[in-house]
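*Asks:* give the three-dimensional model of this entry:
(one chain, ligands or ions: 1)
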Amino acid sequence: MAQPTKSVLLIISGGIAAYKSLELIRLFKKDGIGVQTILTKSGAEFVTPLSIQALSGNKVYQDLWDLTAESEMGHIELSRAADLILVAPATANILAKMTHGIADDLATTCLLATNKPVIAAPAMNVKMWENAATQDNIATLKKRGIDIIQPEEGDMACGEYGEGRLPDPETIFSIVKKKLNPETLPLHGKIAFVTAGPTYEAIDPVRFIGNHSSGKQGYAIAEALRDAGAEVTLISGPTRLQDPHGVKTVHVTSAQEMLDASLERIDSDIAICTAAVSDWRSTEPADQKIKKQTGADAPTLVLTENPDILATISKHKSRPALVIGFAAETQEAEKNAKEKLLKKGCDWIIANEISITNPVFGQDTNTAALITRNGVEESWKTQTKVDIARKIVEKTALFFYQGSTADTSWQDNKERA
Ligand code: CTP
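*Replies:* This next block holds a predicted model:
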């Protein structure tokens, strides 16, 4: 029989959903993906090593001390031999251990020792899932680049209802398969950059002209482009956000720096300008802190218009194939956005109407419309910036695959946060 070209190390931790991992093993095998398994002590309360071994065709690893006898594969080798590690189901306990680097059994030792991608599929009671401790652990693991498969909502084995169920084996299988084969992602091979956040224009060494942009929408777009397989640079003004994993983040302060960083990447395929660029800068920023002179006239600030980054990119002879801008408007969003699109020369503009019900700045949600030269292409009701980002990237993928039926299933079960 031919050797499997890809292989997975499956860690089965204790939980009622452990039975689903048997079906998962069957799906991997059927697809020609090799499976090694580690069964934790509590996992063995739910499924037997014998059934796993029969399905995977390989020995089931359970004990660290068996391995370290080194008569067979050592734990370091086991943690690195497969192309990725999948923890399914992942209990609250194993997620907590992963977060804190605890290595007190074979599974957690391999997770600490591996140099391969890790995907975890949590499954637990709804209250355990919602607990701040679990949510903090999930956030930390994601920050470190571990992919988390969002648990589903439904009836629980314990009789409660809510989020915490392990998704179907087919769903987990398809997510793992995409991770094993990144060339199947719709934007694989495409290069993108995203501008995000505010710019700060110095008045003197301690004061600046800035705005309330949080950068959340731009960061979410950078992550969605990454998930779709693009090579992404995020050009970010000052924000409080963490650099996204798997994205090159370039930190800038002023509009001029943001423009310079954008022009360095002008030969990209995609540019998305979400930044709230300061329209003006101080003509002559003071070298020293401007002192207050009580009783004297307040100093006058002389302003110069900043370069328009979106317009410069759009009109550049080596411009990306797709240039997308944003338009934050307080009135007649669609009309003003269309005018902006024509004036700046970008291909699409995402219009946000800023209002009391859609404050946009700093919020986790947004209401937006996608506008092309032909007018409103789509309107998106209020939803998370993460979901808006996915919709923009979905349309972007379609732009590059026009004429063919674009496959958007790569977004399946990505976190709905
Ligand atoms: N933009 C830019 N460089 C600037 C100003 C804006 O790249 N100097 C981009 C923004 O990133 C956004 C789009 O242009 O994609 C529209 O920004 P917006 O602030 O809505 O428009 P302005 O051009 O600044 O016009 P106004 O403030 O008058 O509405």
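*Asks:* who does residue 380 bridge with?
*Replies:* With DSSP bridges as the criterion, residue 380 is bridged to residue 368.
*Asks:* for it, give me its contacts.
*Replies:* Contact analysis of residue 380 by CB atoms under 8 Å, 6 or more residues apart in numbering lists 366, 367, 368, 369, 370, 388, 391. (C-beta placed from N, C-alpha, C; glycine too.)
*Asks:* what about the fourth one, distance to residue 261?
*Replies:* Shown here: residue 369 relative to residue 261, a distance of 28 Å by CB to CB, to the nearest Å.
*Asks:* and the fifth one, by the same measure?
*Replies:* Using CB to CB, residue 370 is found at 26 Å from residue 261.
*Asks:* okay, residue 415: pLDDT?
*Replies:* In the predicted model, residue 415 carries a pLDDT score of 42.
*Asks:* quick check: residue 377 vs residue 347, distance?
*Replies:* Relative to residue 347, residue 377 is positioned 11 Å away (CB to CB).
*Asks:* show me where the stretch 201-350 of the chain has strands.
*Replies:* Using DSSP state E, counting those that start in this stretch, the strands assigned to the stretch 201-350 of the chain run over residues 201-202, 208-209, 231-236, 248-251, 270-273, 280-282, 303-305, 322-329, 348-353.
*Asks:* reformat the ones you listed as a markdown table; add mean neighbour count and mean pLDDT.
*Replies:* Output for the strands of the stretch 201-350 of the chain, formatted as a markdown table (neighbours: other CB atoms under 10 Å; pLDDT from 0 to 100):
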| stretch | mean neighbour count | mean pLDDT |
| --- | --- | --- |
| strand 201-202 | 19 | 98 |
| strand 208-209 | 19 | 98 |
| strand 231-236 | 25 | 98 |
| strand 248-251 | 16 | 97 |
| strand 270-273 | 28 | 98 |
| strand 280-282 | 18 | 98 |
| strand 303-305 | 11 | 98 |
| strand 322-329 | 22 | 94 |
| strand 348-353 | 24 | 91 |
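*Asks:* could I get the ones you listed as CSV with distance to residue 341?
*Replies:* Written out in CSV, the entries for the strands of the stretch 201-350 of the chain read as follows (distance: least, CB to CB, whole Å):
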stretch, distance to residue 341
strand 201-202, 25
strand 208-209, 26
strand 231-236, 21
strand 248-251, 26
strand 270-273, 12
strand 280-282, 22
strand 303-305, 20
strand 322-329, 7
strand 348-353, 4
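*Asks:* next up, the contacts around residue 331.
*Replies:* Per CB under 8 Å, 6+ apart, neighbours of residue 331: residue 353.
*Asks:* who has more neighbours out of residue 377 and residue 347?
*Replies:* Neighbours per residue (other CB atoms under 10 Å) separate residue 377 from residue 347, with residue 347 holding more: 17 against 12.
*Asks:* am I right that that one is in contact with residue 320?
*Replies:* No: with contacts defined as CB atoms under 8 Å, residue 347 does not count as touching residue 320, sitting 9.1 Å away.
*Asks:* per-domain residue ranges of this protein.
*Replies:* The record assigns the chain these domain ranges, following automatic domain parsing: 6-180, 191-412.
*Asks:* for the chain, longest helix please?
*Replies:* As assigned by DSSP state H, the longest helix anywhere in the chain is helix 385-400.
*Asks:* can you give me how far that one is from the chain middle?
*Replies:* Using CA atoms, centre = their mean, to the nearest Å, the distance from the centre of helix 385-400 to the centre of the chain it belongs to is 13 Å.
*Asks:* what inclination does it have with respect to strand 348-353?
*Replies:* Using axes from the mean of the first three to the mean of the last three CA atoms, to 10 degrees, the inter-axis angle of helix 385-400 relative to strand 348-353 is 150 degrees.
*Asks:* other SSEs contacting helix 385-400?
*Replies:* Using 3 or more CB pairs under 8 Å, 6 or more residues apart in numbering; DSSP states H and E as the contact criterion, the elements in contact with helix 385-400 are helix 216-227, strand 322-329, strand 348-353, strand 365-372, strand 375-384.
*Asks:* nearest to the ligand, out of these?
*Replies:* With CB to the nearest ligand atom as the criterion, the ligand lies closest to strand 322-329 of the helices and strands packed on helix 385-400, at 3.4 Å.
*Asks:* what is the neighbour count of the residue lying closest to residue 27 once chain neighbours are set aside?
*Replies:* On the basis of CB to CB, 6 or more residues apart in numbering, the spatially nearest residue to residue 27 that is not a chain neighbour turns out to be residue 173, at 4.4 Å. Residue crowding around residue 173 was assessed by other CB under 10 Å; the count is 22.
*Asks:* measure residue 189 to residue 83 for me?
*Replies:* From residue 189 over to residue 83 the distance is 20 Å, taken as CB to CB.
*Asks:* ok so, going back, to the ligand, which of the domains of the chain lies closest?
*Replies:* Set against the ligand and scored by CB to the nearest ligand atom, the domains of the chain come closest in domain 191-412, at 3.2 Å.
*Asks:* which parts of this structure are helices?
*Replies:* Counting by DSSP H, one finds helices in the chain at the ranges 18-30, 49-56, 64-68, 75-81, 92-100, 106-113, 126-130, 132-143, 169-180, 216-227, 255-263, 309-315, 333-344, 385-400.
*Asks:* right, I'll leave it there.
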